[in-house]
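Engineer: next come a sequence and a model predicted from it.
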Amino acid sequence: MGRPKPALPYGSTTMVGAVVASADEAELSPVIVVTGFHEGPVAAAVGGSAHIANNLNPERGNVSSLLVGLDALDDPVGVVLLLADMPEVRVDVISSLLDGMSASAFKAGWVEYRDGRGHPIALSVSSFDDVRALRGSKALWPFLSSLSEEDTFVVRVDEPTPTDVNTPQDYERLRRRAVS
(Lines give C-alpha, C1' and ligand atoms only; values in the text may rest on other atoms or scores of the structure.)
Protein backbone atom coordinates (compact mmCIF):
# COMPACT_ATOMS: atom_id res chain seq x y z
CA MET A 1 0.00 0.00 0.00
CA GLY A 2 3.06 2.26 0.15
CA ARG A 3 2.46 3.32 3.75
CA PRO A 4 0.96 1.80 6.90
CA LYS A 5 -2.68 0.90 6.22
CA PRO A 6 -4.05 1.96 9.63
CA ALA A 7 -2.62 5.47 9.15
CA LEU A 8 -4.25 6.02 5.75
CA PRO A 9 -6.74 8.91 5.60
CA TYR A 10 -10.39 7.99 6.04
CA GLY A 11 -13.02 10.71 6.16
CA SER A 12 -11.84 13.37 8.59
CA THR A 13 -9.45 11.00 10.37
CA THR A 14 -7.49 7.84 9.60
CA MET A 15 -8.62 4.23 9.29
CA VAL A 16 -7.41 3.42 12.81
CA GLY A 17 -8.77 6.73 14.10
CA ALA A 18 -12.24 5.82 12.79
CA VAL A 19 -12.07 2.39 14.44
CA VAL A 20 -11.03 3.93 17.77
CA ALA A 21 -13.84 6.50 17.50
CA SER A 22 -16.35 3.67 16.98
CA ALA A 23 -14.92 1.75 19.95
CA ASP A 24 -15.17 4.89 22.09
CA GLU A 25 -18.75 5.53 20.98
CA ALA A 26 -19.67 1.91 21.79
CA GLU A 27 -18.15 2.53 25.25
CA LEU A 28 -15.45 -0.11 25.01
CA SER A 29 -12.92 0.51 27.73
CA PRO A 30 -10.02 0.44 27.71
CA VAL A 31 -9.30 0.68 23.99
CA ILE A 32 -5.92 -0.86 23.19
CA VAL A 33 -4.36 -0.39 19.75
CA VAL A 34 -1.65 -2.92 19.00
CA THR A 35 1.00 -1.65 16.63
CA GLY A 36 3.64 -3.69 14.86
CA PHE A 37 5.87 -2.99 11.91
CA HIS A 38 4.97 0.73 11.78
CA GLU A 39 4.59 1.69 15.42
CA GLY A 40 5.36 5.42 15.05
CA PRO A 41 3.03 6.35 12.17
CA VAL A 42 0.21 4.15 13.46
CA ALA A 43 0.46 5.46 17.04
CA ALA A 44 0.41 9.03 15.70
CA ALA A 45 -2.78 8.24 13.72
CA VAL A 46 -4.75 6.71 16.59
CA GLY A 47 -6.50 9.53 18.44
CA GLY A 48 -9.36 9.03 20.86
CA SER A 49 -8.94 7.33 24.19
CA ALA A 50 -6.75 4.49 22.95
CA HIS A 51 -3.67 3.16 24.65
CA ILE A 52 -0.83 1.86 22.47
CA ALA A 53 0.78 -1.57 22.89
CA ASN A 54 3.57 -2.49 20.50
CA ASN A 55 3.97 -6.02 19.15
CA LEU A 56 7.73 -6.52 19.07
CA ASN A 57 7.33 -9.67 16.94
CA PRO A 58 4.66 -8.88 14.32
CA GLU A 59 6.22 -11.36 11.90
CA ARG A 60 4.70 -14.08 14.11
CA GLY A 61 1.25 -13.24 12.74
CA ASN A 62 -1.94 -11.60 13.87
CA VAL A 63 -2.45 -13.91 16.85
CA SER A 64 0.77 -12.49 18.31
CA SER A 65 -0.83 -9.02 18.17
CA LEU A 66 -3.95 -10.33 19.88
CA LEU A 67 -1.77 -11.73 22.68
CA VAL A 68 0.02 -8.38 23.08
CA GLY A 69 -3.40 -6.75 23.41
CA LEU A 70 -4.53 -9.27 26.02
CA ASP A 71 -1.34 -8.71 28.01
CA ALA A 72 -2.01 -4.94 28.01
CA LEU A 73 -5.31 -5.36 29.89
CA ASP A 74 -5.77 -5.24 33.66
CA ASP A 75 -8.30 -7.80 34.94
CA PRO A 76 -10.44 -8.09 31.79
CA VAL A 77 -13.74 -9.97 31.57
CA GLY A 78 -13.44 -10.15 27.80
CA VAL A 79 -12.33 -8.35 24.67
CA VAL A 80 -13.85 -7.12 21.46
CA LEU A 81 -11.42 -7.47 18.57
CA LEU A 82 -11.71 -4.74 15.92
CA LEU A 83 -9.43 -4.44 12.92
CA ALA A 84 -7.75 -1.17 11.95
CA ASP A 85 -8.26 -1.94 8.26
CA MET A 86 -12.05 -2.30 8.66
CA PRO A 87 -13.26 1.20 9.61
CA GLU A 88 -16.81 0.65 8.30
CA VAL A 89 -17.87 -1.55 11.23
CA ARG A 90 -20.83 0.30 12.72
CA VAL A 91 -21.18 1.27 16.38
CA ASP A 92 -24.56 -0.49 16.66
CA VAL A 93 -22.93 -3.75 15.51
CA ILE A 94 -20.24 -3.40 18.18
CA SER A 95 -22.96 -2.61 20.76
CA SER A 96 -24.96 -5.70 19.72
CA LEU A 97 -21.85 -7.80 20.22
CA LEU A 98 -21.39 -6.25 23.68
CA ASP A 99 -25.01 -7.04 24.53
CA GLY A 100 -24.42 -10.65 23.51
CA MET A 101 -21.30 -10.79 25.65
CA SER A 102 -23.15 -9.68 28.75
CA ALA A 103 -26.23 -11.84 28.12
CA SER A 104 -24.63 -15.27 27.83
CA ALA A 105 -22.05 -17.63 29.26
CA PHE A 106 -19.92 -17.90 26.15
CA LYS A 107 -16.34 -18.29 25.08
CA ALA A 108 -16.67 -16.26 21.90
CA GLY A 109 -19.00 -14.36 19.60
CA TRP A 110 -18.82 -12.83 16.17
CA VAL A 111 -20.88 -11.15 13.52
CA GLU A 112 -22.59 -13.03 10.71
CA TYR A 113 -23.11 -10.74 7.74
CA ARG A 114 -25.26 -11.51 4.71
CA ASP A 115 -22.19 -12.87 2.89
CA GLY A 116 -20.49 -14.67 5.79
CA ARG A 117 -19.00 -14.31 9.21
CA GLY A 118 -16.68 -11.50 10.12
CA HIS A 119 -15.44 -8.92 12.57
CA PRO A 120 -15.74 -7.77 15.22
CA ILE A 121 -15.08 -10.81 17.37
CA ALA A 122 -15.73 -11.05 21.11
CA LEU A 123 -13.72 -13.31 23.41
CA SER A 124 -14.58 -13.94 27.03
CA VAL A 125 -11.89 -14.38 29.64
CA SER A 126 -12.83 -18.10 29.72
CA SER A 127 -11.32 -18.43 26.22
CA PHE A 128 -8.05 -16.64 26.96
CA ASP A 129 -6.04 -19.78 27.86
CA ASP A 130 -7.12 -21.42 24.60
CA VAL A 131 -6.32 -18.25 22.64
CA ARG A 132 -2.89 -18.01 24.28
CA ALA A 133 -2.10 -21.51 22.93
CA LEU A 134 -2.82 -20.50 19.31
CA ARG A 135 0.04 -19.97 16.88
CA GLY A 136 0.28 -18.64 13.36
CA SER A 137 -1.25 -15.96 11.26
CA LYS A 138 -4.82 -17.18 10.82
CA ALA A 139 -5.36 -19.41 13.86
CA LEU A 140 -8.28 -17.57 15.47
CA TRP A 141 -11.06 -18.51 13.02
CA PRO A 142 -10.27 -22.25 13.16
CA PHE A 143 -10.38 -21.99 16.97
CA LEU A 144 -13.74 -20.23 16.82
CA SER A 145 -15.06 -22.89 14.44
CA SER A 146 -14.05 -25.60 16.90
CA LEU A 147 -16.27 -24.21 19.67
CA SER A 148 -19.67 -25.71 20.41
CA GLU A 149 -22.90 -23.79 19.82
CA GLU A 150 -23.31 -23.47 23.60
CA ASP A 151 -19.94 -21.70 23.83
CA THR A 152 -20.67 -19.12 21.12
CA PHE A 153 -23.10 -16.43 20.14
CA VAL A 154 -23.63 -14.78 16.79
CA VAL A 155 -24.91 -11.31 15.96
CA ARG A 156 -26.70 -11.41 12.60
CA VAL A 157 -26.49 -8.31 10.40
CA ASP A 158 -28.48 -8.16 7.16
CA GLU A 159 -25.88 -6.35 5.08
CA PRO A 160 -22.59 -7.22 3.37
CA THR A 161 -19.38 -7.60 5.34
CA PRO A 162 -17.63 -4.22 5.77
CA THR A 163 -14.66 -3.68 3.48
CA ASP A 164 -11.43 -5.23 4.69
CA VAL A 165 -8.75 -3.06 3.12
CA ASN A 166 -6.09 -5.35 1.68
CA THR A 167 -5.35 -3.74 -1.69
CA PRO A 168 -5.12 -0.23 -3.12
CA GLN A 169 -8.39 -0.96 -4.95
CA ASP A 170 -10.12 -1.82 -1.62
CA TYR A 171 -8.86 1.45 -0.17
CA GLU A 172 -10.10 3.50 -3.13
CA ARG A 173 -13.58 1.91 -2.87
CA LEU A 174 -13.61 2.66 0.86
CA ARG A 175 -12.56 6.28 0.32
CA ARG A 176 -15.24 6.83 -2.32
CA ARG A 177 -17.91 5.54 0.06
CA ALA A 178 -16.59 7.69 2.93
CA VAL A 179 -17.12 10.89 0.95
CA SER A 180 -20.50 9.97 -0.57
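Structural biologist: Ah, there it is.
Engineer: helices along the protein, start to end?
Structural biologist: Using DSSP state H, the helices of the chain run over 15-25, 39-45, 62-71, 91-103, 128-132, 140-146, 168-179.
Engineer: surely residue 17 and residue 45 touch.
Structural biologist: Yes - the criterion here is CB atoms under 8 Å, and residue 17 meets it with residue 45 at 5.9 Å. Just so you know, the C-beta spots here come from the backbone N, C-alpha and C atoms, and that holds for glycine as well.
Engineer: which residues sit against stretch 160-171?
Structural biologist: Here stretch 160-171 makes contact (CB atoms under 8 Å, 6 or more residues apart in numbering) with 1-2, 5, 8, 15, 83, 85-90, 113-116, 118-119, 173-174, 177.
Engineer: of those residues, buried ones?
Structural biologist: For those, burial is judged from neighbour counts taken by 16 or more other CB atoms under 10 Å, and it is met by 5, 8, 15, 83, 85-89, 113, 118-119, 174.
Engineer: want to throw these into CSV with pLDDT and distance to residue 64?
Structural biologist: Formatted as CSV, these follow (pLDDT from 0 to 100; distance: CB to CB, whole Å):
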residue, pLDDT, distance to residue 64
5, 90, 17
8, 92, 23
15, 93, 21
83, 94, 15
85, 93, 17
86, 95, 19
87, 95, 23
88, 94, 25
89, 96, 22
113, 96, 26
118, 92, 21
119, 95, 18
174, 90, 26
